[in-house]
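K.L.:
Let's see this in three dimensions:
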Amino acid sequence: MGCEEIPVKKPNILLITSDQQHFDTIGAFNSEIQTPNLDRLVKEGITFQRAYCPNPTCTPSRASIITGMYPSQHGAWTLGTKLLEDRHTIGEYLQENNYRTALIGKAHLQPTKTTDEYESVESYPLLADLEYWKSFDKEFYGFEHVELARNHTNEHLVGQHYALWMEEKGCENWRDYFLSPTGNMDPNIKYKWDIPEEYHYDTWIAERSNALLEDYVKNGENFFLWSSFFDPHPPYLVPEPWDTMYDPEQLTIPTGKEGEHQQNPPHFQMTQELNPDFSSYMETGFGIHGYHTHRDIDEENHKKLSATYYGMISMMDKYIGKILDKLDELNIADNTIIVFTSDHGHFFGQHGLQYKGGFHYEDLIKVPFIVRYPGKIPAGVVSNALQSLVDLTPTFMDFAGLKIPSEMTGVSQKEVWKGNLSSVRDHIICEFRHEPTTIHQKTYVDERYKLTVYYNQTYGELFDLQEDPNEYNNLWNHPDYTTLKMELLLKYIWAELGNEPLPMPRISHA
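P.N.:
Numbers count the residues shown, from 1 in each chain. Purely as a prediction, here's the structure:
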């Protein structure tokens, strides 16, 4: 008589993301910031200190997370593009294998404006139509259940499920905490956001995530849950007491180095000007997004913004802790893979830059990245193995025992996470493209070097990350590095073979 095969217990998957969080803002590695719950994950799991986004803007990177493909492949290659609904996502594959799937928080997979090419449920006026969202029960990119909001801190009308939740909680005047066109908040307010913490979207995300966890456990179901936080993406605002948690005078405030951009491409040098005019680059492949110089931010304001940024992270950490506590309470922590990461990084003074855009410094393309899976992944480990956000979907599928589709260009990191292999990647690719017809730049990173090439340009960047970790010395034109540059260019070309970009429309300024 043969032995009956015992089914392998499938893991639950909890993906927790922040938005625009610098990689060096976890208390376990930076004594100036307090993140006790992220520190707990560091202690109980693996921290990867060389994790990268595939694109340093929201929509492309988030679309890569759920497709396992680069932006130039899945088509949502910049802000204002849309991840088309016919793209296959991890949620679809997991649903086919008896997983429940849900997204709570920020999606940003569609633009805020519509065109003849495609519609968007994340666009106005639908975005603000609360009656529509009360009955919204459509599948959303493989997520059978979503509760969404759009924009950051006090930006415009948030709409969607977050506004409904605030009204259910009795916050009928919630519009007072948001800007025009329908909000009533003073646009000149800085640092402190008057919204009570009990109505903040961190509270909403944690509460609704925990409610879903309870339902899944009650019904004995496996799940893939994405708890997608909005902070610390600017505007820099946070409720009390978090707004005064950090003394600006006690923080190490990042700055640039005098003369560091002399060997860099022209648009880097222009960031050192007061109110630089990037309009001449809009047709030549740069598409500078947002504000990128803090020359127009005085020193006192710069310090206060940095302290507020830290406060936003610490508040978010509190509510991440509530989700972690719920896993323990429900006794499912041991069978749940947790990944904490961010969609991309952030400048808050590094290299004289502020916010984000077409600058592939480590500050912007590296992300915090922690993995916990008790008993399956070693605890308290810090690794330098290269990771990319495009690897998340294939890795999750591998852990779930599913075949990884051939169209996914991400690779499974399962054996690296488990400690069985030192690495499965020898390079990273990061893209930035902003204008409708040009690829602005692509970056190739290996264990030591970083190479950035620009569309239709002869200049570029070459940094030795081992000898110059702060990326102050661009070696692109250095005669002693000509051979190395050519070797890296060949490696980059080889890595790019077969990865042709998809010609997709973009909505300007969306």
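K.L.:
which ones are touching Phe230?
P.N.:
Asp19, Gly105, Lys106, Ala149, His152, Thr153, Tyr201 (C-beta atoms under 8 Å, 6 or more residues apart in numbering). For glycine as for every other residue, the C-beta is placed from the backbone atoms N, C-alpha and C.
K.L.:
Produce a ChimeraX select command limited to the buried residues of these.
P.N.:
Buried members of these, defined by 16 or more other C-beta atoms under 10 Å, are picked up in ChimeraX with:
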select :19,105,106,149,152,153,201
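K.L.:
any idea where the strands of the stretch 301-450 of the chain begin and end?
P.N.:
Using DSSP state E, counting those that start in this stretch, the strands of the stretch 301-450 of the chain run over 336-342, 347-348, 354-355, 369-372, 381-383, 387-388, 428-432, 441-445, 449-454.
K.L.:
Okay, helices next: where are they in the stretch 251-400 of the chain?
P.N.:
Assigned by DSSP state H, counting those that start in this stretch, the stretch 251-400 of the chain shows helices spanning 266-270, 299-329, 362-365, 392-399.
K.L.:
Let me know which of these is the nearest to Glu487.
P.N.:
Checking those against Glu487 by C-beta to C-beta gives helix 362-365 as the closest, at 21.3 Å.
K.L.:
now the spatially most central residue of the chain, nearest residue through space, not along the chain?
P.N.:
By C-alpha atoms, centre = their mean, the chain has its centre lying nearest to Asp343, at 0.8 Å. The shortest distance from Asp343 to any non-neighbouring residue, by C-beta to C-beta, 6 or more residues apart in numbering, is to Ser61 (4.3 Å).
K.L.:
show me the contacts for the one you found.
P.N.:
By C-beta under 8 Å, 6+ apart, the neighbours of Ser61 are Cys53, Pro54, Asn55, Pro71, Asp343, His344, Leu389.
K.L.:
Generate TSV for the residues you listed, with pLDDT and distance to Glu32 as supplementary columns.
P.N.:
Putting the contacts of Ser61 into TSV (pLDDT from 0 to 100; distance: C-beta to C-beta, whole Å) gives the following:
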residue	pLDDT	distance to Glu32
Cys53	97	24
Pro54	96	29
Asn55	94	29
Pro71	93	33
Asp343	96	23
His344	96	22
Leu389	98	26
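K.L.:
Go through the strands of the stretch 301-450 of the chain and name the closest to Pro265.
P.N.:
Nearest of the strands of the stretch 301-450 of the chain (C-beta to C-beta): strand 449-454, 6.7 Å.
K.L.:
now whatever helix or strand comes next after the closest one, how far from the chain's geometric center?
P.N.:
Toward the C-terminus, strand 449-454 is succeeded by strand 460-464 as the next helix or strand (DSSP states H and E). On the basis of C-alpha atoms, centre = their mean, to the nearest Å, strand 460-464 sits 24 Å off its chain's mean C-alpha point.
K.L.:
picking up where we left off before, okay, the residue nearest to Asp343: pLDDT?
P.N.:
For Ser61, the pLDDT comes out at 96.
K.L.:
That one and Lys403: what is the separation?
P.N.:
Going from Ser61 to Lys403 by C-beta to C-beta, to the nearest Å gives 25 Å.
K.L.:
biggest separation within the contacts of Phe230, which pair?
P.N.:
Gly105 and Thr153 (13.8 Å).
K.L.:
from the contacts of Phe230, which ones fall inside helices?
P.N.:
Tyr201 (DSSP state H).
K.L.:
Could you export the contacts of Phe230 as JSON lines, including distance to Asp446 and pLDDT?
P.N.:
Shown next, in JSON lines, are these (distance: C-beta to C-beta, whole Å; pLDDT from 0 to 100):
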{"residue": "Asp19", "distance to Asp446": "28", "pLDDT": "97"}
{"residue": "Gly105", "distance to Asp446": "34", "pLDDT": "96"}
{"residue": "Lys106", "distance to Asp446": "32", "pLDDT": "95"}
{"residue": "Ala149", "distance to Asp446": "38", "pLDDT": "93"}
{"residue": "His152", "distance to Asp446": "34", "pLDDT": "90"}
{"residue": "Thr153", "distance to Asp446": "37", "pLDDT": "92"}
{"residue": "Tyr201", "distance to Asp446": "38", "pLDDT": "97"}
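K.L.:
Output the helices of the stretch 251-400 of the chain in CSV; the columns should cover mean pLDDT, mean neighbour count and distance to Gln441.
P.N.:
Formatted as CSV, those follow (pLDDT from 0 to 100; neighbours: other C-beta atoms under 10 Å; distance: least, C-beta to C-beta, whole Å):
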stretch, mean pLDDT, mean neighbour count, distance to Gln441
helix 266-270, 78, 18, 10
helix 299-329, 96, 21, 26
helix 362-365, 96, 24, 11
helix 392-399, 98, 23, 23
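K.L.:
Specify the stretch among these that is closest to Arg87.
P.N.:
When these are compared by C-beta to C-beta, helix 392-399 sits nearest Arg87, at 11.4 Å.
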